[in-house]
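Engineer: Quick check, what structure comes out for this input:
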Amino acid sequence: MSNLDGTFPKEPAPSAPPAADAAPPPRGGASGFGVSAVVRRWRRDDLVRKGSLALRGLALLFSVLASVIMATNRHGGWKNFDKYEEFRYLLAIAILATLYTALQAFRHFRQLSTGKHMFQQRTSALVNFSGDQVVAYLLISAASTAVPMTNRMRDNVDNLFTDCLAASISMAFLAFFSLALSALISGYKLATESYI
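Structural biologist: Below you'll find the predicted structure:
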């Protein structure tokens, strides 16, 4: 509507926004993009790669110890590990875990040092994830199978033979925990990579 003199009334000037609305946008943008977000992701990815290598190294150490302790546990008579199926199974799985973790640790170390992948990235991630799980399950299976027999022996007599059995089983459990954590990291990497 116009005034009597034919002019239109002036609209009131907009007021300043409230202080909460005038705050500067967060660094890196509201959606998590920007230099700081990229740097955080690089650091996280680097930590994941180094953590994965460290866990594979620990799994290698523990599986080597489990196999060596079991293989040298021969004290004559009934005190030879190879007279018992449970302990032979543990030794076989510990050797398998040693071979697997040695190959994976070598491949992982080579990838970190050269920056080149031996296989396609998606294939490598699938092998890591499935291989870590399979070997971890085998380790827990072998260690769990050996525990009841060792407990029965320790109830009757506690000597160097049964102590070595317990030590080998403990190393197999520690190798399992290392590989289980490595499988979690492998699953995380498999789920977060784009592979495009």
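
Engineer: remind me which residues of the chain are low pLDDT?
Structural biologist: Applying pLDDT under 70 to the chain picks out residues 1-33, 117-119, 194-196.

Engineer: show me where the protein has helices.
Structural biologist: Counting by DSSP state H, the chain has helices at residues 35-71, 85-114, 121-156, 160-192.

Engineer: Looking at those helices, spot the one closest to residue 77.
Structural biologist: The closest of those to residue 77 is helix 160-192. By Cβ to Cβ, the value is 9.6 Å. For glycine as for every other residue, the C-beta is placed from the backbone atoms N, C-alpha and C.

Engineer: Just give the closest residue to the spatially most central residue of the chain, not the sequence neighbours.
Structural biologist: With distances taken as Cα atoms, centre = their mean, the residue of the chain nearest its centroid is residue 182 (2.1 Å). Nearest residue to residue 182, sequence neighbours excluded (Cβ to Cβ, 6 or more residues apart in numbering): residue 55, at 4.2 Å.

Engineer: shouldn't residue 168 be in contact with residue 94?
Structural biologist: Yes. With contact defined as Cβ atoms under 8 Å, residue 168 reaches residue 94; the gap is 7.5 Å.

Engineer: Skip the chain neighbours and tell me the closest residue to residue 56.
Structural biologist: Residue nearest to residue 56 in three dimensions, not counting chain neighbours: residue 105, with 4.4 Å by Cβ to Cβ, 6+ apart.

Engineer: picking that back up, and the residue nearest to the centre of the chain, what is it in contact with?
Structural biologist: By Cβ atoms under 8 Å, 6 or more residues apart in numbering, the residues touching residue 182 are 52, 55-56, 59, 128, 132, 136.
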